[in-house]
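In: Coordinates for the following, if possible.
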Amino acid sequence: MWARWSKMPLVRRQRIGEDPRKMTKRNTGASRKEHGGWLSAWLIFIGLQGILYTFLILYLRGRRQDPSPAWLLVILFSLSLADIVAVIATWKWKKWGVQLYALSTFIGIAVGLVFTGSQLIVFHDIVPLAILGYLIKDKWRCFA
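Out: This is a model prediction of the structure:
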């Protein structure tokens with residue numbers, strides 16, 4: 001009996017007594033809707049970054065000597081709000097949240113490249129998106 005027990009997959013040993021026909025890869029522990037520590041921390045970090053960026057833009061808009069055109073600050077403000085909405089939607093397992101974050105990242109890169117001309121803006125914006133993609137790659141089937 002011990003030999004049979006030790007050869008069973010761990011998930012099957014944990015769910016002993018359940019109907020094996022209902023045991024699919026979809027309902028095993030690998031795809032449960034659990035954020036985990038790293039994904040939770042990263043989503044909180046991205047959300048805080050969006051909130052701080054929003055306040056920074058409002059502060060810059062309030063300064064009279066700021067040389068930035070008003071429409072640029074409106075675009076950046078909209079992108080930071082889109083990031084906040086995207087993080088909330090991603091937290092709630094919505095695919096469109098990840099897609100919105102990717103879209104706002106690419107628009108932010110384009111705006112940053114036009115106005116700064118520095119390629120460092122690409123790395124500043126793309127690294128958080130790449131880390132988020134890495135953290136959700138195993139959880140993508142949980143997204144609706």
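
In: Flag every buried residue along stretch 114-131.
Out: Ile121, Val122, Asp125, Pro128, Leu129 (16 or more other CB atoms under 10 Å). From N, CA and C alone the C-beta is placed, and that goes for glycine too.

In: Okay, and the last one sits in which element?
Out: Of the helices and strands defined by DSSP states H and E, Leu129 is found in helix 120-136.

In: tell me what that helix is packed against?
Out: Contact analysis of helix 120-136 by 3 or more CB pairs under 8 Å, 6 or more residues apart in numbering; DSSP states H and E lists helix 36-62, helix 95-116 as its packing neighbours.

In: ok, now how distant is Ser80 from Tyr134?
Out: Between Ser80 and Tyr134 the distance is 23 Å, computed by CB to CB, to the nearest Å.

In: Mind checking which of these two has more residues around it?
Out: Neighbours of Ser80 and Tyr134, each counted by other CB atoms under 10 Å, are more numerous for Ser80; the result is 22 against 12.

In: give me the element the more buried one is part of.
Out: helix 70-91.

In: what does Ser118 give?
Out: With DSSP H and E as the test, Ser118 turns up in no helix or strand.

In: what about Trp38, how many residues close to it?
Out: 11.

In: Of the helices and strands packed on helix 120-136, which shows the lowest average pLDDT?
Out: Across those, helix 36-62 has the smallest mean pLDDT, namely a mean of 84.

In: Measure how that one sits relative to helix 95-116, angle-wise.
Out: Inter-element angle recorded for helix 36-62 and helix 95-116: 40 degrees (by axes from the mean of the first three to the mean of the last three CA atoms, to 10 degrees).

In: Which elements pack onto helix 36-62?
Out: In terms of contacts (3+ CB pairs under 8 Å, 6+ apart), helix 36-62 is packed against helix 70-91, helix 120-136.

In: what comes into contact with the longest one?
Out: The reference is to helix 70-91. 35, 43, 46-47, 49-51, 53-54, 57-58, 60-61, 96-98, 100-101, 103-104, 107-108, 111, 115, 132, 136 (CB atoms under 8 Å, 6 or more residues apart in numbering).

In: List the buried residues in that helix.
Out: Going by 16+ other CB under 10 Å, helix 70-91 has these buried residues: 75-77, 79-87, 89-90.
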